[in-house]
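Colleague: Provide a 3D model corresponding to the input given below.
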Amino acid sequence: MKATAPTTAHPVPVPVPVPAAGGKGKDRSRFWSGLSAALFVPAVLASVMLLLSSVRVSGCVTYGVECTRGLPGWLFLWSTGAAIVAFIVALAAPAARVRQAALATQLLAEGTALLVILSYHA
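Modeller: Predicted coordinates for the structure are as follows:
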């Protein structure tokens, strides 16, 4: 007679994948961080072009009239530097919450840098 497998065999448990970001699906913070970093330079160029269309800045560039001291470089540099550091953290951090916080910091720093350009000369 043939031997048969016992009917009381226990099934092997299979691990269930847990979605990242608190059950909300795939964490896309690395993608959004890279996209916002890539679009930062065109945004700076667009804001400079917007400034050049104003009467005061174009008069300063063309005729040297009503010129101000210039962009507060320290604030722009600190904002841009903070955005670069946050971008690196958003790419390198293993935890989703850290990446999301770095993305928020990056967006805030990039927005501050753009507002420095627009508000100082406008």
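Colleague: going forward, measure contacts between C-alpha atoms and count neighbours the same way
Modeller: Will do.
Colleague: quick check: Phe76 touching Gly111?
Modeller: No. Using Cα atoms under 8 Å, Phe76 is not in contact with Gly111; the gap is 10.5 Å.
Colleague: of those two, who's got more company?
Modeller: Shown here are Phe76 and Gly111; by other Cα atoms under 10 Å, Phe76 has more neighbours (19 against 16).
Colleague: sec struct for that one, please.
Modeller: With DSSP: H, G, I helix; E, B strand; the rest coil as the basis, Phe76 sits in helix.
Colleague: okay, it: pLDDT?
Modeller: Phe76 is assigned 88 on the pLDDT scale.
Colleague: what do you get for Asp27?
Modeller: 85.
Colleague: ok, it - how many residues close by?
Modeller: 17.
Colleague: wait, it touches Ala95, no?
Modeller: No. Applying Cα under 8 Å, one finds Asp27 not in contact with Ala95, separated by 10.1 Å.
Colleague: quick check: mean pLDDT of the longest helix belonging to the chain?
Modeller: Across the chain, the longest stretch assigned as helix under DSSP state H is helix 96-121. Throughout helix 96-121, pLDDT has a mean value of 91.
Colleague: what is it packed up against?
Modeller: Under the contact definition 3 or more Cα pairs under 8 Å, 6 or more residues apart in numbering; DSSP states H and E, helix 96-121 sits against helix 20-23, helix 29-52, helix 73-92.
Colleague: can you tell me how far Val55 is from Val65?
Modeller: Look at Val55 and Val65: by Cα to Cα, to the nearest Å, they are 10 Å apart.
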